[in-house]
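Trainee: Just the structure for this:
(2 chains)
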Number of protein chains: 2
Amino acid sequence: MAAKTVATWTGDMSFEVELNGHKFSIDADEKFGGRNLGPRPKGLLLSGLAGCTGMDVVSLLKKMKMEWDSFSLEVEADLTDEHPKMYKDIGIKYILNGDSLDRAKIEKAVRLSQEKYCTVTAMLSKAADISYQIILNPDK
Amino acid sequence: MAAKTVATWTGDMSFEVELNGHKFSIDADEKFGGRNLGPRPKGLLLSGLAGCTGMDVVSLLKKMKMEWDSFSLEVEADLTDEHPKMYKDIGIKYILNGDSLDRAKIEKAVRLSQEKYCTVTAMLSKAADISYQIILNPDK
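Mentor: Predicted coordinates:
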């Protein structure tokens, strides 16, 4: 098997997760019997998506010799009305700041990630619609 | 939007992820330009799956008044041959230890999670085959 994670119950609704030798806690909200010792498990899908496509874009922009000062991704999703409540529409914002940003290169990198490289996009897009926006120098 | 995560680039291939007010690092393997400051993003899908179904089972077994000493989930997956390499077959092991385990109750709880409640199973099963095993008192 190519990938493995272990989740060990640590009382109430919380688990300690081990992944690639790193450990972190996950937990339910206090409304659902949790103690909020860590994030909710479902949201990890969105964090995995952000990281997957974020690393693609970093890697591609480095190859394209483009530099930036800061780069963040915001991923938001809403839920289906019916149970089990899955993510329905997932929106990704790629937000970059810098003096030498090249919109064409960034659009190409994002498109390559979304259409070709990002395996998390490929998996989640079987269940949800994924859209994105590129936002450059929002604070200027 | 019902859920939100933010990933902020922290140099090389690493990002700091914020989810439900909690922060953790993700990073690429050293082979791929990372520094292994945190787990790989794609694996978070498996961790989210483990946590989602694990919390379901805890919640259901508590309602069924069943007690256990320890509970862990191991989730493993292999990858498709073609690119982008997605998870193809995902296997979940539910491992419980205790003196008063009731296999019928555990099977019912796991089945309810897998077939009805767990939204991460519902989403990932659109892209991969998910199977499971229940392992009771493996150390006895």
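Trainee: use CA for all of it now, contacts and neighbours both
Mentor: Noted.
Trainee: how about A:K4, what does it touch?
Mentor: By C-alpha atoms under 8 Å, 6 or more residues apart in numbering or on different chains, the residues touching A:K4 are A:L19, A:N20, B:G43, B:L46, B:E74, B:V75, B:E76, B:A77.
Trainee: Can I take it that A:K88 is in a strand?
Mentor: Yes - secondary structure assignment places A:K88 in a strand (DSSP: H, G, I helix; E, B strand; the rest coil).
Trainee: Run through the residues that contact it.
Mentor: Residues near A:K88 by C-alpha under 8 Å, 6+ apart: A:A77, A:D78, A:L79, A:T80, A:A127, A:A128, A:D129.
Trainee: So which residues of chain A form helices?
Mentor: For chain A, the helices defined by DSSP state H cover A:43-63, A:103-112, A:119-124.
Trainee: Chain B: which of those helices is closest?
Mentor: helix A:43-63 (4.3 Å; C-alpha to the nearest C-alpha).
Trainee: right, is the closest one up against chain B?
Mentor: Yes - interface with chain B: helix A:43-63 contributes A:43-52, A:54-55, A:58-59 (C-alpha under 8 Å from any C-alpha of the partner chain).
Trainee: Pick out the most distant pair among the residues you listed.
Mentor: Distance extremes for the residues of helix A:43-63 next to chain B: the farthest pair is A:G43 and A:S59 at 24.4 Å, using C-alpha to C-alpha.
Trainee: Comparing these two, which residue is more hemmed in?
Mentor: A:G43 (24 against 16; other C-alpha atoms under 10 Å in any protein chain shown).
Trainee: correct me, but that one touches B:A3?
Mentor: Yes - the criterion here is C-alpha atoms under 8 Å, and A:G43 meets it with B:A3 at 6.9 Å.
Trainee: State the distance from the spatially most central residue of chain A to B:V58.
Mentor: In chain A, the C-alpha nearest the mean C-alpha coordinate belongs to A:A50, at 2.1 Å (C-alpha atoms, centre = their mean). With distances taken as C-alpha to C-alpha, to the nearest Å, A:A50 is found 29 Å from B:V58.
Trainee: Then A:T80?
Mentor: Distance from A:T80 to B:V58, by C-alpha to C-alpha: 24 Å.
Trainee: higher neighbour count, those two?
Mentor: Neighbour totals were compared for A:T80 and B:V58, and B:V58 leads with 23 against 13 (other C-alpha under 10 Å).
Trainee: who's in contact with that one?
Mentor: By C-alpha under 8 Å, 6+ apart, the neighbours of B:V58 are A:D12, A:M13.
Trainee: if we go to 10 Å?
Mentor: Contacts for B:V58 (C-alpha atoms under 10 Å, 6 or more residues apart in numbering or on different chains) come out as A:9, A:11-14, B:64, B:66-68, B:71, B:106, B:109-110.
Trainee: before we move on, what about A:K65?
Mentor: A:K65 sits in contact with A:K105, where contact means C-alpha under 10 Å, 6+ apart.
Trainee: From A:V58, how far out is it?
Mentor: To A:V58, A:K65 is 10 Å away according to C-alpha to C-alpha.
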